[in-house]
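[1] based on what follows, work out the 3D shape:
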Amino acid sequence: MLSKCANPACAMPFQYLREGQLYRFEMQEPFSGFDAPSASKRAPGKLEHFWLCGRCAAYLTLRLGHACQVEVVPRKDNIRAVAS
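    Got it, this is the predicted structure:
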């Protein structure tokens, strides 16, 4: 259940989808050991939803990093605008 913005530095509570950006990631447990199946043979993972409020979504995005950790990163289009 979504409760607040996925940006740890933001406390905006989730109330409705009118503004902001909703993300859906398939969370898969990392395999360990020598008998790990290839990525194409992995069983589907659990879907989890994350939300960035409108203010944060203007300059941040989410991505799935190593070990199925959701990371908050700057938007690439925002970096170009700031660099100009």
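[2] just the strands in the protein please.
    Per DSSP state E, the chain carries strands over the ranges 21-27, 46-52, 60-64, 70-74.
[3] contacting residues around the nearest residue to residue 56 once chain neighbours are set aside?
    Using Cβ to Cβ, 6 or more residues apart in numbering and skipping residues adjacent in sequence, the residue nearest residue 56 is residue 7, 4.4 Å away. No exception for glycine: its C-beta is placed from N, CA and C like everyone else's. Contacts were defined as Cβ atoms under 8 Å, 6 or more residues apart in numbering; by that measure residue 7 touches 52-53, 56, 60, 72.
[4] try it again with 10 Å
    By Cβ atoms under 10 Å, 6 or more residues apart in numbering, the contact set of residue 7 is 50-53, 55-57, 59-60, 62, 72.
[5] quick one: which of those has the most company?
    Within the contacts of residue 7, most neighbours by other Cβ atoms under 10 Å means residue 52, with 23 neighbours.
[6] who does it form a beta bridge with?
    Note on residue 52: beta-bridge partners by DSSP bridges are residue 21.
[7] residue 20 is in contact with residue 62, isn't it?
    No. Counting by Cβ atoms under 10 Å, residue 62 is not a contact partner of residue 20; they are 11.4 Å apart.
[8] okay, and the common contacts of those two?
    6, 51-52, 56.
[9] might one say that residue 9 is in contact with residue 53?
    No. Using Cβ under 10 Å, residue 9 is not in contact with residue 53, being 11.3 Å away.
[10] now do the shared contacts for these two.
    Residues touching both residue 9 and residue 53 by Cβ under 10 Å, 6+ apart: residue 60.
[11] now do the contacts for the nearest residue to residue 64 once chain neighbours are set aside.
    Leaving out its chain neighbours, the residue that sits closest to residue 64 by Cβ to Cβ, 6+ apart is residue 25, at 5.0 Å. Contact analysis of residue 25 by Cβ under 10 Å, 6+ apart lists 45-50, 62-64, 68, 70.
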